[in-house]
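K.L.:
Output the structure for:
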Amino acid sequence: MQSTAMSSDAMKLELIQWLSQLEDKGLLHSLFQIKKSNESADWYDELTEDQRAAIAEGEADLKAGRVTRSEELWKKYGRTAKG
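P.N.:
All right, here's what the predicted structure looks like:
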């Protein structure tokens, strides 16, 4: 029985073909940003100690249930959520 999943090499070849014919500059830019992001170090490693502490504080707030629903926040500022 043959597998319906493409091999990694087949996917790469199909993507190379597709990319070589792609004219949409916006899509090319997005794909390039994905490539750069994938090649760069983990963004967390680039944070300062203060930034890491702020993230840890936010995570602790979340675990402790100290959260505000987005609807409440939007209402507080007299706006409505999009989407």
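
K.L.:
In the chain, what helix or strand scores lowest on average pLDDT?
P.N.:
None of the helices or strands of the chain scores lower by mean pLDDT, DSSP states H and E than helix 70-76, at a mean of 88.

K.L.:
Tell me how far stretch 72-83 lies from the chain's centre.
P.N.:
On the basis of C-alpha atoms, centre = their mean, to the nearest Å, stretch 72-83 sits 24 Å off its chain's mean C-alpha point.

K.L.:
what's in contact with the least confident helix or strand of the chain?
P.N.:
With contact meaning C-beta atoms under 8 Å, 6 or more residues apart in numbering, helix 70-76 is reached by 80-81. (Glycine included, C-beta is placed from N, CA and C.)

K.L.:
Pull out the buried residues from it.
P.N.:
Using 16 or more other C-beta atoms under 10 Å as the burial criterion, none of the residues of helix 70-76 qualify.
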